[in-house]
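# Next comes the sequence, and after it the predicted model I'd like to discuss.
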Amino acid sequence: MKITARYTVIVMLTIAVANLYSFRSIPTMIKPYLIQIVGGDTKNVTKNECPEPSEKVQTKPLSNITEPISHQHAMKLAYDFARATAHFVSGMSCDISGGRYIVFFSVLGSAILTASYPSLLINSPPWGMIIFNIVSGSLSGYVMPAIMTLISSWAPLNRRTVFVGVVYAGGPLSKVLEYALIEFFTVISRNWENVFYISAILGFLYILIHMYTVFSKPGMHPLISREERKFLEKELGTKIPKRIPWFQIIKDKHVIAILFGKCAHLWMQNINQTYLPQYLKLVVRLDLATRGAFYMLLPHLLHFFCIIVAAVLVQISINAHKVELTHLRIFCTMFSAVSPAILMIMMSYAGCNIYMIQVLSAMAICSMCTMNLGIKSNILDLTTHFAGFCEAFINGIATFGVMATPKLLGVIITEHCIVQWRRFYWITLAFTSFLATMHYIFVGTDRAKWDHLKKDNVTMYHDDSESESL
């Protein structure tokens with residue numbers, strides 16, 4: 001199979017997602033190596049149920065910077081609020097204007113911010129870092145709907161799920177790169193500023209290639225073959241909407257179903273990325289950062305491969321017409337919403353068995369591999385023309401909902417012990433199961449009525465769609 005324009009676009013979007021996730025995550029991931037956190041709630045004590053690991057390594061921060069824990073909470077709130085708000089701004093424009101330039105300027109702006117972070121961290125007052133997080137969150141939120149718009153413009157029916165899986169596999173792939181960079185520049189060479197500079201350089205390199213390889217529509221791509229353009233335009237259509245039927249979209253029960261699933265996924269993702277490391281460090285007394293980059297990046301590397309394999313298997317099932325599309329979307333959503341919580345409960349019953357806990361925590365991360373195959377692919381089932389707005393509405397509302405996680409955690413966990421964390425994981429399972437059940441009740445995969453435009457020539461939703469020949 002020759003390399004065609006649509007495959008090039010999808011690979012570039014995967015790199016864009018990896019860059020954007022790196023820009024967002026590196027400041028948070030590197031802080032334990034740089035900053036001493038002071039303050040906090042004295043009620044949240046650690047009971048020391050698990051023994052200190054015999055191979056424990058004492059680490060000393062690479063700088064003398066201190067930061068109140070209240071300041072950390074304010075920065076995270078500022079980032080999340082700006083990101084959710086920017087989703088809606090982008091969603092009202094990207095389906096009409098196209099996503100090419102939105103991705104370009106978002107990656108460019110994020111790369112500039114990343115390059116400036118070391119100087120800001122050392123010299124900026126606290127309010128300066130809050131402004132940094134507001135701008136960073138806005139850029140991150142503004143670009144995600146545009147990426148969905150681009151996928152909807154380049155993904156034919158019998159490649160749709162694979163393309164979604166490949167693009168968003170850039171998330172765990174970025175984690176692998178981040179841990180490798182942090183390990184080398186903070187532990188080995190101790191030049192932590194280079195982590196940000198290299199990440200920014202990779203962003204600048206990306207945007208140079210982006211302008212020659214990524215275009216909003218197949219008809220706008222100067223290097224696409226005539227056969228490929230005709231094929232994509234026959235399946236995806238050529239019409240560009242002039243307005244967003246936002247009211248019809250937000251009241252559609254199938255869109256609401258995806259919103260329920262997305263809330264479950266974001267809740268679970270937030271726990272996996274933010275609170276699971278806290279449990280390992282404070283309760284199990286397993287600080288993976290002191291055990292080397294391999295222990296940190298391995299679960300994310302496995303997660304990357306699990307996404308690719310799952311996407312291929314789901315796409316094969318769809319193309320073979322062996323399983324109904326609706327059932328596949330339900331399974332992917334239910335599996336990634338419920339199984340991580342079950343694995344975390346099992347981890348809490350493993351007590352202080354470090355090896356079992358490491359295996360179960362890695363499985364909890366990998367079990368989210370079907371998340372986007374159920375949620376984001378379902379958006380493309382409903383719409384070709386308004387995927388960006390749907391992504392903005394669903395992800396924006398879900399992001400606001402996830403902001404309640406720290407409050408719930410503070411109410412349930414008054415001291416860091418296995419029993420209280422287990423209770424939190426059981427509540428998480430009940431909550432995500434409820435949301436996944438609501439998704440199951442209202443989910444649909446038929447093209448929505450509001451997606452039909454006048455003189456619309458989209459054909460990709462027919463059951464007898466011809467097989468891809470390119």
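Good, I have the coordinates. Since we're looking at a predicted model, the values are computed, not measured.
# Dump the C-alpha coordinates for stretch 362-372 into CSV.
Taking Å, rounded to 0.1, in the frame of the first residue of the first chain, the C-alpha atoms of stretch 362-372 are listed here in CSV:
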residue,chain,number,x,y,z
ALA,A,362,0.0,-0.8,35.0
MET,A,363,-3.1,-2.9,34.0
ALA,A,364,-5.4,-0.1,35.2
ILE,A,365,-3.6,2.4,32.9
CYS,A,366,-3.6,0.0,29.9
SER,A,367,-7.3,-0.9,30.4
MET,A,368,-8.2,2.6,29.3
CYS,A,369,-7.0,1.7,25.8
THR,A,370,-10.6,1.5,24.3
MET,A,371,-11.6,4.9,25.7
ASN,A,372,-11.4,7.0,22.5
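# what mean pLDDT does that stretch have?
Stretch 362-372 comes out with an average pLDDT of 93.
# From the chain's centroid, how far away is it?
Between the centre of stretch 362-372 and the centre of its host chain there is 12 Å, according to Cα atoms, centre = their mean, to the nearest Å.
# Residues in contact with stretch 159-172: which ones?
Here stretch 159-172 makes contact (Cβ atoms under 8 Å, 6 or more residues apart in numbering) with 6, 10-11, 13-18, 21, 147, 151, 154-155, 300-301, 303-304, 307-308, 310-312, 314-315, 318, 372-373, 376-377, 380, 468. Every C-beta, even on glycine, is put in place using the N, C-alpha and C of the backbone.
# can you tell me which of these are in helices?
Among those, the ones falling in helices (DSSP state H) are 6, 10-11, 13-18, 21, 147, 151, 154, 300-301, 303-304, 307-308, 310-312, 314-315, 318, 372-373, 376-377, 380.
# What is the neighbour count of the closest residue to Tyr21 other than its chain neighbours?
Nearest non-adjacent residue to Tyr21, counting by Cβ to Cβ, 6 or more residues apart in numbering: Ser174, 4.0 Å away. Ser174 is flanked by 25 other residues according to other Cβ atoms under 10 Å.
# In three-state terms, how would Ser174 be classified?
Here Ser174 is helix, with the state taken from DSSP: H, G, I helix; E, B strand; the rest coil.
# show me what contacts it?
Per Cβ under 8 Å, 6+ apart, neighbours of Ser174: Val17, Ala18, Asn19, Tyr21, Ser22, Ser25.
# export those residues to JSON lines and tack on distance to Leu286 and pLDDT?
JSON lines is the format used below for these (distance: Cβ to Cβ, whole Å; pLDDT from 0 to 100):
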{"residue": "Val17", "distance to Leu286": "29", "pLDDT": "94"}
{"residue": "Ala18", "distance to Leu286": "27", "pLDDT": "93"}
{"residue": "Asn19", "distance to Leu286": "30", "pLDDT": "91"}
{"residue": "Tyr21", "distance to Leu286": "24", "pLDDT": "89"}
{"residue": "Ser22", "distance to Leu286": "25", "pLDDT": "88"}
{"residue": "Ser25", "distance to Leu286": "21", "pLDDT": "83"}
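# Among the residues you listed, which one lies nearest to Asp446?
Comparing those against Asp446 with Cβ to Cβ places Val17 closest, at 28.1 Å.
# and Leu382, what does it touch?
Asp252, His254, Val255, Cys390, Gly444, Thr445, Asp446, Arg447, Ala448, Asp451.
# try it again with 10 Å
249, 252, 254-255, 257-258, 390, 444-448, 450-451, 461 (Cβ atoms under 10 Å, 6 or more residues apart in numbering).
# swap in Pro245?
Asp252, His385, Phe386, Phe389, Ala448, Lys449, Trp450, Asp451, Leu453.
# Identify those among the contacts of Leu382 that sit within helices.
Filtering the contacts of Leu382 for helices - DSSP H - leaves Ile249, His254, Val255, Ala257, Ile258, Cys390.
# Tabulate those residues in JSON lines, adding columns for pLDDT and distance to Lys76.
Conversion of the ones in helices among the contacts of Leu382 to JSON lines gives the following (pLDDT from 0 to 100; distance: Cβ to Cβ, whole Å):
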{"residue": "Ile249", "pLDDT": "94", "distance to Lys76": "29"}
{"residue": "His254", "pLDDT": "96", "distance to Lys76": "32"}
{"residue": "Val255", "pLDDT": "96", "distance to Lys76": "28"}
{"residue": "Ala257", "pLDDT": "95", "distance to Lys76": "29"}
{"residue": "Ile258", "pLDDT": "96", "distance to Lys76": "25"}
{"residue": "Cys390", "pLDDT": "95", "distance to Lys76": "26"}
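# is it possible to export these to a markdown table including neighbour count?
Shown next, in a markdown table, are these (neighbours: other Cβ atoms under 10 Å):
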| residue | neighbour count |
| --- | --- |
| Ile249 | 21 |
| His254 | 20 |
| Val255 | 24 |
| Ala257 | 23 |
| Ile258 | 29 |
| Cys390 | 32 |
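# Tell me the one of the residues you listed nearest Thr437?
For the ones in helices among the contacts of Leu382, the nearest to Thr437 is Ala257 (10.6 Å; Cβ to Cβ).
# any idea how far Asn194 is from the closest one?
For Ala257, the distance to Asn194 (Cβ to Cβ, to the nearest Å) stands at 45 Å.
# What's the separation between Phe335 and Ala320?
Distance from Phe335 to Ala320, by Cβ to Cβ: 20 Å.
# ugh, wrong one, I meant Glu228
Taking Cβ to Cβ, one finds Glu228 at 24 Å from Ala320.
# Tell me which of these two has more neighbours.
Neighbour totals were compared for Glu228 and Ala320, and Glu228 leads with 18 against 8 (other Cβ under 10 Å).
# Now the phi/psi pair for that one, please.
phi -70, psi -40 (degrees, to the nearest 10).
# I figured it hits Pro218, correct?
Yes - using Cβ atoms under 10 Å, Glu228 and Pro218 qualify as a contacting pair, with a distance of 7.1 Å.
# can you list residues touching both of these two?
Residues touching both Glu228 and Pro218 (Cβ under 10 Å, 6+ apart) are Ala5, Arg6.
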